[in-house]
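In: Turn this into a model:
(one chain, ligands or ions: 2)
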Amino acid sequence: MSTMASSSKGKMPAAPTVKHADAEGYEMPWVEKYRPILLSDIVGNSETVERLKVIAEDGNVPHIILSGMPGIGKTTSIHCLAHALLGDAYKEGVLELNASDERGIDVVRNKIKSFAQRKVTLPAGRHKIIILDEADSMTSGAQQALRRTMEIYSNTTRFALACNMSNKIIEPIQSRCAILRYTKLKDAEVLKRLKEICEMEGVKSSDEGLAALIFTAEGDMRQAINNLQSTWSGFGFVSPENVFKICDQPHPLVVQTMIKHCQKGEIDQALARIDALWDQGYSAVDIVVTVFRVVKGMEELPEYTKLEFIREIGWTHMRILEGVGTLVQLGAMIARLCRMSIPPEMLKL
Ligand SMILES: Nc1ncnc2c1ncn2[C@@H]1O[C@H](COP(=O)(O)OP(=O)(O)OP(=O)(O)O)[C@@H](O)[C@H]1O
Ligand SMILES: [Mg+2]
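Out: Ligands and ions are numbered 1, 2, ... in the order given. This is a model prediction of the structure:
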């Protein structure tokens, strides 16, 4: 198995405080247990991670902003980078503030400044690092207060910011930083990691089960791993049925069957599927989003049909978001999808 297995297992006990209460006590969340410690263990976004590796090697860190969707390794990357740069001096050399800490102007003025001024012994040529996780939740006042601080102490201290939306970081800070964008992880990347974890944890799974986890996670590694753990501890086997019970999303196979009926113009059968999903309590948005994702991924649909279907689904989504999320709305969508496969001369009758 990869180095991740040994490194994660070897070093983890120090960091999290979760204890095994008793033999059947709770287990440590796998997202934490398998949080990468080395930059080389991070999955996906290889170009960005390569850049971080280069930075870690020559030690010349710019101020950086990592931005991207949740659960794809931003916080992890920053911590890996800090570990690679500072090694044993990590404790003294890093100040981490995240959204759970008070981060108003006072904190920037006092805590961050005093950390930046503090003298610590670090490996030669290395800088102290201030990690501001979830920086998009900092008020713009606090961000303004950072501007000059970043500059004044830049000979000893570097900032690493992580955020979901880089546009919530004020322009002047963006201009002081190198922005590294993280993209959603590819299905194959998530699958590879899930397989590794399954092997390490002895999880029994079917290929379809793993595919279902990937479908529901949409490129979010944290969600994929969490759902894997919930399915395994809840049902003892990772099959699509169990995964969808845990994730509580409309089952894509049902939706796929429905689309196939639409393609053949069989409105009654298609409506029956929508009714069934509605009766299970899914909201109109849940359903329409799943319909979109299923149609997008359906290879057997001819391109023209897919194009038209997606357009109709898009319109319906918009109407639902405007407030009309009723079964009638979904029924109308199905009717329009069916209509496309009915020859026009029949409709005139
Ligand atoms: N690229 C990745 N490679 C390996 N594991 C990952 C990766 N991304 C996420 N994970 C797993 O998901 C967990 C959460 O990742 P992380 O905290 O880095 O997410 P994030 O990008 O900071 O998300 P958020 O925006 O919600 O803070 C990690 O503990 C790890 O187990
Ligand atoms: Mg994070």
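In: what element comes up after the helix or strand harbouring residue 114 heading to the C-terminus?
Out: Element membership of residue 114, judged by DSSP states H and E, is helix 113-117. As assigned by DSSP H and E, the chain's next helix or strand after helix 113-117 is strand 128-132.
In: on contacts alone, who are the packing partners of that next one?
Out: helix 74-86, strand 94-97, helix 113-117, strand 157-163 (3 or more CB pairs under 8 Å, 6 or more residues apart in numbering; DSSP states H and E). Glycine gets a C-beta too; all of them are placed from N, C-alpha and C.
In: Most tightly packed of the ones you listed?
Out: Sort these by mean neighbour count, taking mean count of other CB atoms under 10 Å, and strand 157-163 sits at the top with a mean of 25.
In: for whichever helix or strand comes after it, packing partners?
Out: Toward the C-terminus, strand 157-163 is succeeded by helix 171-176 as the next helix or strand (DSSP H and E). Using 3+ CB pairs under 8 Å, 6+ apart, the elements in contact with helix 171-176 are helix 140-152.
In: Can you mark which positions in the helix it packs on are buried?
Out: 142, 143, 145, 146, 149, 150 (16 or more other CB atoms under 10 Å).
In: centre of the chain versus that helix, how much separation?
Out: On the basis of CA atoms, centre = their mean, to the nearest Å, helix 140-152 sits 29 Å off its chain's mean C-alpha point.
In: Please put the alpha-carbon coordinates of it into PDB.
Out: Below are the C-alpha coordinates for helix 140-152, written out as PDB (Å, rounded to 0.1, in the frame of the first residue of the first chain):
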ATOM      1  CA  SER A 140     -13.400  42.800   5.300                       C
ATOM      2  CA  GLY A 141     -12.300  45.000   8.200                       C
ATOM      3  CA  ALA A 142     -10.100  42.300   9.600                       C
ATOM      4  CA  GLN A 143      -8.800  41.600   6.100                       C
ATOM      5  CA  GLN A 144      -8.000  45.300   5.700                       C
ATOM      6  CA  ALA A 145      -6.100  45.200   8.900                       C
ATOM      7  CA  LEU A 146      -4.000  42.400   7.500                       C
ATOM      8  CA  ARG A 147      -2.700  44.400   4.500                       C
ATOM      9  CA  ARG A 148       0.100  46.300   6.100                       C
ATOM     10  CA  THR A 149       0.900  43.500   8.600                       C
ATOM     11  CA  MET A 150       1.600  41.100   5.800                       C
ATOM     12  CA  GLU A 151       4.100  43.500   4.300                       C
ATOM     13  CA  ILE A 152       5.800  44.700   7.400                       C
END
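In: and that helix with strand 128-132, angle?
Out: Computed by axes from the mean of the first three to the mean of the last three CA atoms, to 10 degrees, the angle separating helix 140-152 from strand 128-132 equals 170 degrees.
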